[in-house]
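Participant: Structure, please.
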Amino acid sequence: AEQTFTMSAVSGLTDLKFVEVTPGSSWSQKDGVIISEGQGESYLVTQADYDDFVLEMDFKPSDEINAGVYMRCADISKIKANTCYEANIWDKSKKTQFRTGGIVDRQAVTNAQDTINQWNHYKLTLSGDTIEVELNGKVTAILIDSQLKQGFIGFQHKGSGSVELKNIQLKPLRLGKVIE
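Facilitator: Numbers count the residues shown, from 1 in each chain. Below you'll find the model as predicted:
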């Protein structure tokens, strides 16, 4: 059976669908918190495409987990940093310049912060060719890039450990202004 997670109306997102790349991880939902656990690689993805938006969320990664928020993805069978824009959640990334707060393989992080085992806040703004990552109130990456115009959003679990997500909220942008 296909596993989906119901998102509240206030989230602005469709229900999220489970996509498994390599087995071993599982996702659950409790008291408004979405939790991934185990090993392997999987994603929760939206069932609609989004173009310009502000996406805010709280996240709490365990020590070793490689997680991230993938945006404007085109291909459900290839959820990668070169087919999406990935705001990383991985303090221990082997590519340290693209650790949490960076846009993997595209824009190095500034104002690097430690995020492991605590709640953090992401504000991700995609407006035309500008992708801005704000972590805990500080801008950590700004990318100007026109490769990807719209696509689905995916939340990643890779490797071993867990990531918790809550207060996920997407607001569409039109001409750079939030549509309430």
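
Participant: If Val54 is in a bridge, with which residues?
Facilitator: Counting by DSSP bridges, Val54 is bridged to Thr125, Lys171.

Participant: what's the burial count for it?
Facilitator: 18 (other CB atoms under 10 Å). In this view, the C-beta of every residue, glycine as well, is placed from N, C-alpha and C.

Participant: was I right about it contacting Arg174?
Facilitator: No: applying CB atoms under 8 Å as the test, Val54 and Arg174 come out as separate, 11.6 Å apart.

Participant: Provide a list of residues in contact with the closest residue to Cys73 other than its chain neighbours.
Facilitator: Excluding the flanking residues, the one nearest Cys73 by CB to CB, 6 or more residues apart in numbering is Cys84, at 3.8 Å. Cys84 makes contacts with 70-74, 148, 151, 154, as judged by CB atoms under 8 Å, 6 or more residues apart in numbering.

Participant: Including neighbour count, secondary structure and distance to Val33, could those residues go into TSV?
Facilitator: Output for the contacts of Cys84, formatted as TSV (neighbours: other CB atoms under 10 Å; DSSP: H, G, I helix; E, B strand; the rest coil; distance: CB to CB, whole Å):
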residue	neighbour count	secondary structure	distance to Val33
Tyr70	22	strand	20
Met71	23	strand	21
Arg72	22	strand	26
Cys73	24	strand	24
Ala74	15	coil	29
Leu148	18	coil	29
Gly151	22	strand	26
Gly154	22	strand	18
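
Participant: Between all of these, which two are at the greatest distance?
Facilitator: The largest distance within the contacts of Cys84, taken as CB to CB, falls between Leu148 and Gly154 and amounts to 12.9 Å.

Participant: which residues are in contact with both of the two?
Facilitator: Contacts common to Leu148 and Gly154, judged by CB under 8 Å, 6+ apart, are 73, 84.

Participant: Show me what the residue nearest to the spatial centre of the chain is bridged to.
Facilitator: Central residue of the chain (CA atoms, centre = their mean): Val69, 1.3 Å from the mean position. Partner residues in beta bridges with Val69, using DSSP bridges, are Ala87, Phe155.

Participant: who's in contact with it?
Facilitator: So Val69 contacts 55, 57, 86-87, 89, 122, 124, 153-156 (CB under 8 Å, 6+ apart).

Participant: Save those as CSV, and put in distance to Trp27 and pLDDT too.
Facilitator: Formatted as CSV, the contacts of Val69 follow (distance: CB to CB, whole Å; pLDDT from 0 to 100):
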residue, distance to Trp27, pLDDT
Leu55, 18, 98
Met57, 15, 98
Glu86, 18, 98
Ala87, 19, 98
Ile89, 15, 98
Tyr122, 18, 98
Leu124, 20, 98
Ile153, 15, 98
Gly154, 12, 98
Phe155, 9, 98
Gln156, 11, 98
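
Participant: which intervals of this structure have sub-threshold pLDDT?
Facilitator: For the chain, the stretches flagged by pLDDT under 70 are 1.
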